[in-house]
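J.: Would you be able to build a 3D model of this:
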Amino acid sequence: MASRTGAQMSKFRLKLTALFMLLIGLSVLAAGIFTGQFYKHNHLEALGSHMETQLHVLAAAAPWPKDETRTAQTAYLEAQAIRFKELADMRVTYIATDGEVLGDSDHAPGTMDNHAGRDEVREALASGLGRSIRHSDTLDENMLYVAYAVKDGESGKTLGIIRLAMSLSAVEKSLDRMWMVLALGLLAVFALAAIVSYRVALSVTKPLERMTSAAKRMAGMDYKVRIPDAGKDEIGELGRALNAMAANLQDHMGEIRRNELHLQSVLDHMISGVVMIGPDGRIRIYNRSAELLLGSLARERVGRSYTEAKQQYELLQLIRSGFETGEPIHEELTVYYPDERLLELNLVPIPMDEDTAPGLLLVLQDVSAIRRLERMRSEFVANVSHELKTPVAAVKGFAETLLAGAVNDPETARSFFEDHTGRERQAESLDRRHPGAVQDRVSAFAAAIFPDRPAVVSGEAVGVPRAGGRQEGDLPGA
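T.: Predicted coordinates for the structure are as follows:
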């Protein structure tokens, strides 16, 4: 994971470096183009201004022969053009207002075309000064032409045009040298930008790489990881926020684990079997008591469907019914695996979360021993009632006979009480085998027979005959 994160960050670092280099390169290139154009414009502007100055000097040094014939003008102006070419090192051309060339320092005027349509000539005739740059087919190079309209000082009429032409090869060579220097500077800036950009990208991506690695470890439930302090900028603030989140998650997860251990301990030590089934039918919780009652281990059941417990068919039917009806179910069912048991089942739907259907919670209680004790109690009460029927019936008969008048016959009364003593020994024997049962039964019969006598209290009866002696309230002659 760490190597994959490092590789991803390396790609991001290279992209960031390339972006920085591209931005810097475009900036430098734009600056170079602007600088080159600015340099060319200023150079041509300066050269044009210089040529204008030369034109004014030429006009002043060799006034236009306005009163001469065209032939005389041509001879004079041609001589002046050649002379000034040697002084100024520029091509000089004298042009009449109709465009005819009257003198040129490089060519014979008669061999040259009419110049009335040249841009600089038209502009000079219109405004007094004209400029143009065009390619010279004769010299096969770009030329700068500057034309000046010579005017009559008295009438202001244009007498003719003086034009200077200068090759731009020197300017172009100067611009080529500038572009070479600019290109070398651009390469140097590119190299420097690559180094600086990589260092800047490294300073940005290194903390992000550590944060990404830490975030992935947090996603893997490792909340002990911490990010080293990355400074006081936004990235450092992000790192501190991640550290605070990791600390909070560590505390919360520790509390959740402790609560989970407590819950698991409670579930494991419950005497009732607890099974929780999710909405998908998979078992989520299966405690130890459920293992004992249902005969399967938690590791075999948790995470698997409840329908896989084929041994408990009746239980499966109740669970299926609980899912279908969504109502609580209270039942007792007998299971035969792993042992025969009578189980009390309480099944209730429980919500799992807000977006899903409810699951089921089963609580199983082994009531086999309780039901066996209840059955023994019922049998015991039936047996005691059967054994008490004979002595109690005899006592009741004696009492009814005595009340009917036999109490006045001493012999009859004595025989009754001697027989009663035998019956009492039989009751004492029964009482030794079943303590308390005889006394409760006799008290109930005595209350029915002698409603005006006190009831039996703690085994002592007032007015009820007892073997071995006479008490207050005993019948006479007993």
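J.: Would you double-check that residue 265 falls in a helix?
T.: Yes: assessed by DSSP: H, G, I helix; E, B strand; the rest coil, residue 265 belongs to a helix.
J.: Per-residue pLDDT of it, please?
T.: As predicted, residue 265 sits at a pLDDT of 90.
J.: same deal with residue 113?
T.: In this model, residue 113 carries a pLDDT of 86.
J.: ok, now residue 285?
T.: Residue 285 carries a pLDDT value of 93.
J.: show me what contacts it?
T.: Residues near residue 285 by Cβ atoms under 8 Å, 6 or more residues apart in numbering: 267, 274-276, 302. Every C-beta, even on glycine, is put in place using the N, C-alpha and C of the backbone.
J.: go again using 6 Å as the cut-off
T.: For residue 285, the contact set (Cβ atoms under 6 Å, 6 or more residues apart in numbering) comprises residue 276.
J.: I'd like to know the beta-bridge partner residues of it.
T.: In this entry, residue 285 is beta-bridged to residue 276, by DSSP bridges.
J.: Relative to residue 197, how far out is it?
T.: 58 Å (Cβ to Cβ, to the nearest Å).
J.: Point out the other helices and strands that the helix or strand harbouring residue 177 packs with.
T.: Here residue 177, judged by DSSP states H and E, is contained in helix 169-219. Under the contact definition 3 or more Cβ pairs under 6 Å, 6 or more residues apart in numbering; DSSP states H and E, helix 169-219 sits against helix 2-61, helix 234-268.
J.: Tell me what angle the longest one forms with helix 169-219.
T.: Read that as helix 2-61. 160 degrees (axes from the mean of the first three to the mean of the last three Cα atoms, to 10 degrees).
J.: which residues are contacting the next helix or strand after helix 2-61?
T.: Using DSSP H and E, the helix or strand that follows helix 2-61 towards the C-terminus is helix 70-88. With contacts defined as Cβ under 6 Å, 6+ apart, helix 70-88 is touched by 54, 58, 62, 65, 92, 94, 102-105, 109.
J.: Quick one: mean pLDDT over helix 70-88.
T.: Mean predicted confidence for helix 70-88 is 86.
J.: For residue 232, give me phi and psi.
T.: phi -110, psi 10 (degrees, to the nearest 10).
J.: and it, how many residues sit next to it?
T.: 9 (other Cβ atoms under 10 Å).
J.: Pull the contacting residues for it.
T.: By Cβ under 6 Å, 6+ apart, residue 232 has no neighbours at all.
J.: how much space is there between it and residue 240?
T.: With Cβ to Cβ as the criterion, residue 232 and residue 240 are 10 Å apart.
J.: how far does the helix holding residue 177 sit from the chain's center?
T.: 34 Å (Cα atoms, centre = their mean, to the nearest Å).
J.: Same check on stretch 89-103?
T.: That offset, for stretch 89-103, works out to 83 Å (Cα atoms, centre = their mean).
J.: Can you give me the buried ones in that stretch?
T.: The neighbour-count check on stretch 89-103 (16 or more other Cβ atoms under 10 Å) flags 90-96, 99-103 as buried.
J.: Redo the helices and strands packed on helix 169-219 as TSV? Include mean neighbour count and distance to residue 161.
T.: Formatted as TSV, the helices and strands packed on helix 169-219 follow (neighbours: other Cβ atoms under 10 Å; distance: least, Cβ to Cβ, whole Å):
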stretch	mean neighbour count	distance to residue 161
helix 2-61	14	10
helix 234-268	13	69
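J.: And these, which one averages the lowest pLDDT?
T.: helix 2-61 - the lowest mean pLDDT of those, at a mean of 78.
J.: With distance to residue 79 and secondary structure as added columns, please give the buried residues of stretch 89-103 in a markdown table.
T.: Output for those, formatted as a markdown table (distance: Cβ to Cβ, whole Å; DSSP: H, G, I helix; E, B strand; the rest coil):
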| residue | distance to residue 79 | secondary structure |
| --- | --- | --- |
| 90 | 16 | coil |
| 91 | 15 | strand |
| 92 | 11 | strand |
| 93 | 14 | strand |
| 94 | 10 | strand |
| 95 | 16 | strand |
| 96 | 16 | coil |
| 99 | 21 | coil |
| 100 | 17 | coil |
| 101 | 14 | strand |
| 102 | 11 | strand |
| 103 | 8 | strand |
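J.: Residue 93 is in contact with residue 104, correct?
T.: Yes: counting by Cβ atoms under 6 Å, residue 93 is a contact partner of residue 104 at 4.7 Å.
J.: Pass me the low-pLDDT residue ranges in the stretch 351-478 of the chain, would you?
T.: Within the stretch 351-478 of the chain, the segments meeting pLDDT under 70 span 386-392, 394-395, 398-399, 401-409, 412-414, 416-478.
J.: repeat that with 80
T.: By pLDDT under 80, the weakly predicted segments of the stretch 351-478 of the chain are 353-355, 381-478.
J.: ok, back up a step: okay if I get the helices and strands packed on helix 169-219 as JSON lines plus distance to residue 124?
T.: Converted to JSON lines, these look like this (distance: least, Cβ to Cβ, whole Å):
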{"stretch": "helix 2-61", "distance to residue 124": "10"}
{"stretch": "helix 234-268", "distance to residue 124": "65"}
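J.: which non-adjacent residue is nearest residue 327?
T.: residue 349 (7.5 Å; Cβ to Cβ, 6 or more residues apart in numbering).
J.: Show me what the one you found is bridged to.
T.: Using DSSP bridges, the bridge partners assigned to residue 349 are residue 360.
J.: can I see the domain layout of this protein?
T.: 2-174, 270-366, 367-478 (automatic domain parsing).
J.: quick one: low-confidence ranges for the stretch 201-350 of the chain?
T.: Confidence mapping of the stretch 201-350 of the chain against pLDDT under 80 gives the ranges 201-206, 208-209, 229-235.
J.: how does it look with 90?
T.: Residue ranges of the stretch 201-350 of the chain with pLDDT under 90: 201-247, 249-250, 253-254, 257, 260, 263-264, 267-269, 295, 308-313, 335-341.
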